[in-house]
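>>> the following block contains a protein sequence and its predicted model.
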Amino acid sequence: MIRHASGTMMRQRDRREGRKGGAARRLLGGALLALGLALPGVALAAESAPVTSPRVTATLLSGRDTVAPGERFHVALVQKLAPHWHTYWLNPGDSGEPTQIHWTLPEGAKAGGIAWPAPRAIRVDPLVNFGFEGQVLLPVEITVPAEARPGETFSLKAEATWLVCEKICIPEDGSFTLDLPVGQAGVTDETAQQRIDAALAALPQPADFRGRLAADGDRLALALPGLPAGASDLRFFPVSDTLIEHAADQPAKPGDGPGVILTRSSAFKLDQPEISGVLTFSQGGEARALTLVADADPALVGKAAEAGAPASAPPAVRIPVPAEGADLSWLAALAFAFAGGLILNLMPCVLPVLFIKALGFAQTAHRSRAETREQGLLFLCGVLLTFLLLAGAVIALGALGSSVGWGFQLQSPPLVIALAVVMVLIGLNLIGAFEIGGAVVGVGDGLASRGGRLGAFMTGVLAVVVATPCTAPFMGAAMGYAVTQPPAVALSVFMALALGFALPVVALSFAPGLLRLLPKPGRWMLVLKQAFAFPMFATAIWLIWVASVQTGPQGVLAALAAVLAAGFVVWLVGVTRGGLARRAFGTVLAALVALGAGWFTIENAVPGADTQARAGDVQAWSPERVAALQAEGKPVFVNFTAAWCITCLANERVALSRQEVKEAFAELGVSYLKADWTNRDQRIARALAEQGRAGVPLYLFYPGRRDGQAEILPQLLTPDMVIAAARRAAGRDAKTAANAP
Amino acid sequence: MESLTRRSFIAGLALAGLSCAAVPAFAEGAARIGQPAPAFQAVDAEGRTRSLSEFAGRTVVLEWTNHECPYVRKHYNSATMQTLQKDMAKDGIVWLSVISSPPGEQGYVEGPKARELTAQRDAAPADILLDPDSKVARAYGAQTTPHMYIIDPRGTLAYMGAIDDKPSSNPASLVGAKSYVRQAIAEMKAGKPVSQASTKSYGCAVKYAPAS
């Protein structure tokens, strides 16, 4: 049996191990299953590894070590809370948010809702919260499908989110996985089952009577006709958060029979003829809890608390929120995206492609202005369509709950290697090592004047693809805004980016005047074309380095083999021209080599190496680490980066690794944490999203006091800027004097 | 730790002493829809004393805030709050951000820091009210950050409750959220009654100063 849990940072490593160790894991699972069958009743602790923060230690506990087809059993999310911290019940009270669990289960399997334990009223004067302190188990019933077959693995995955508060509140989450073998008969984990049974036994039991809710002047009277004799310290916790004032006292109901007086919520709303909740009381010194359903006086139903609010009137006409005038920050996002797109043109991997395109215009312009314009428009189409696809992917993945961002496709090593191969091929073509025939897509071959339609379109596609590693200034804010907006708005931001990106080339194609500024076509163009091969090769080197960081030595082997195969294929197609038989032979051989190299690349380019940079005194980032360092009174600098992010690397060179910055950090006692997003990492993606960003770079400076909020630094750094921020975070700046007492 | 215990002890004593009197007073002192909004005076981030009465004849929005609360940050980091503030300003609505955290509690700021936060976040409130003794919060029964109140030009409370219908700190929850504030303002502009005048607010608890 294999089980693991992860805070989101650990998950990435699990996945990597999962990919590599799939076979080993299955073998081990099988062996343990055999052992389990041979020794029924042997209890293995069926509890996932913990997800921990300074406030909560959470695990997923299973009552079964082995599950049987068609059976039902309980698991429980366990939260152990630090003293004074609490998580929330279904109705959190005056503030807060209940714990939620999202399940990923094998087909046909079912997970019930959380069986909520009785909450406690936690006073934060003058407010009150309903929740849990100490340790709480949240049981959930799981149904194994009848079609499950012995020998299979029943894999439960829980993504849980919870808000944990003392006075301040921290949203947390964890991912828990339990891989339970399926056997002929279920095997109970005694220790775990005892804990779960105890939790189930402590759940509020259904009351054997119904309550009655009626108006009592301004307040509400809840009659409890079947309340056990001797019950005292009554408190009613309604499931609805718009029924009562949670903090108000609940005095005993005067008159006939037991009951309590409740104060109506200022947001009082009752749509149903009955209410439900949990009633807690003590009886003979013991704490007891019942789930209670009460019939509401029909006069209360559909009433709102306030005289002025006609909520009992016919259903209010839903008035759509008008889009009043221009939305400034949407416009700002569009402007930023447009500017970001423009600046992308200057990025080193993009510039050669575009410059060659521009030179192509210079050559064709004297022949046909219409043709040049057409080329420009086709380029624009290529750019727009590619951005549309990218935006679609980001939005779709976002809607599926994946945290992805700009540049996410570079988190796949095979794609990084494919890009490196493209760069090498473009470089070889530029330097004249091979000519692209009419049949082959003329990527980047701006000098070819014929057959250039598809070429122009593909140049647009290629330009976007090679631009993805680069985040231009202004782009981060715009993209961060886009991913939190409805799809239509997000698309508009992406389109603004695309238009900005395409503008220089399109403008050039429409303005022959600009082209006339260039010298006449001649030998200089050939030289320049060859010279531009080198930035492409440099980009390829960089991409292979990225792949090496993602995958280790195997990835370098895969990348270089792919480059070799690509070069060979291009050469082969060249030398086997002429003669049908030769051509067929060449094509078949080329296809075989390409397929082989592709397979080899994908097999070997598996994320594996630990990518966290640990050079010098740079530490790996985690939210817990930040909190712990802050608690120690240390200012914390967090660098959200990725090997494929060229802006990030530039900032590290020009600012972060400069001697004066290092000295300032040392003098001020700044801890430097690095969050490396080279490979996919949900936890980092979420941290970026929290700051309203969709990608790297992001630089945060946390002050050295508990729960102090981070300052966001610009996306282009200078040493002075970083040092000034460090001084502010360390409280050496009068403007941010600590306000703690 | 020691000071915390002492503080809770004092708070406990205060609570015990006031138990019956204080709690209903809090609940009943709270603002009510259709009734005159509780009057208040508070010092703003510039050190001026402001009062609700100066804004008679104009629609006023009160926003309870705490810049360090994850729910507040959801709305500011996404620029949703700033956009709302700017749209309201365009309609001539007075937007007052209220900070009720006392010194030593999360969200407490003094004038300069409040102004800096506004500049840094590109926020556009008409003014920021500093309420470190939580008096305004008590008068309105503010529970969470954010907690929103709308007062019509006649000084009547027209809306109280959540900023939108997605009680979550996750930025993804902003997608497709219905803004109760925009809805109420649109209905008020159209001369219609506010269809959802009172909703359950969500967010971090307002950090109250001990009752004096």
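Structure received.
>>> okay, residue 40: pLDDT?
Since you didn't name a chain, this refers to chain A. pLDDT recorded at residue A:40 is 36.
>>> um, chain B though
In this model, residue B:40 carries a pLDDT of 93.
>>> which ones are touching it?
B:51-52, B:135-136, B:139 (Cβ atoms under 8 Å, 6 or more residues apart in numbering or on different chains). All C-beta spots, glycine's among them, are computed from the backbone N, C-alpha and C.
>>> buried ones among those?
B:52, B:135-136, B:139 (16 or more other Cβ atoms under 10 Å in any protein chain shown).
>>> near chain A too, which of the residues you listed?
Among the buried ones among the contacts of residue B:40, no residue sits close to chain A (Cβ under 8 Å from any Cβ of the partner chain).
>>> need the max-distance pair from those.
B:52 and B:135 (12.5 Å; Cβ to Cβ).
>>> which parts of the stretch 551-700 of chain A are helices?
A:553-575, A:580-604, A:623-631, A:646-651, A:659-668, A:682-690 (DSSP state H, counting those that start in this stretch).
>>> send me the fourth one as PDB with only the CA atoms.
In other words, helix A:646-651. C-alpha atoms of helix A:646-651 as PDB (Å, rounded to 0.1, in the frame of the first residue of the first chain):
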ATOM      1  CA  ILE A 646      14.800  35.300 -19.400                       C
ATOM      2  CA  THR A 647      13.700  38.500 -17.600                       C
ATOM      3  CA  CYS A 648      14.200  36.600 -14.300                       C
ATOM      4  CA  LEU A 649      17.700  35.600 -15.300                       C
ATOM      5  CA  ALA A 650      18.500  39.200 -16.400                       C
ATOM      6  CA  ASN A 651      17.300  40.500 -13.000                       C
END
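>>> any chance of a markdown table for the helices of the stretch 551-700 of chain A, columns distance to residue A:463, mean neighbour count and mean pLDDT?
Formatted as a markdown table, these follow (distance: least, Cβ to Cβ, whole Å; neighbours: other Cβ atoms under 10 Å in any protein chain shown; pLDDT from 0 to 100):
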| stretch | distance to residue A:463 | mean neighbour count | mean pLDDT |
| --- | --- | --- | --- |
| helix A:553-575 | 20 | 18 | 84 |
| helix A:580-604 | 24 | 14 | 78 |
| helix A:623-631 | 37 | 18 | 86 |
| helix A:646-651 | 15 | 20 | 75 |
| helix A:659-668 | 34 | 15 | 86 |
| helix A:682-690 | 25 | 21 | 80 |
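>>> out of those helices, the one nearest residue A:277 is which?
The nearest among the helices of the stretch 551-700 of chain A, by Cβ to Cβ, is helix A:682-690 at 33.4 Å.
>>> what residues does the stretch 1-150 of chain A have near chain B?
Checking the stretch 1-150 of chain A against chain B by Cβ under 8 Å from any Cβ, the hits are A:94-97, A:123-127, A:129.
>>> 10 Å instead, please
Residues of the stretch 1-150 of chain A lying near chain B by Cβ under 10 Å from any Cβ of the partner chain: A:83-84, A:91-98, A:100, A:123-129.
>>> do stretch A:276-289 and chain B meet?
No - figure legend: stretch A:276-289 not in contact with chain B (Cβ under 10 Å from any Cβ); closest approach 15.1 Å.
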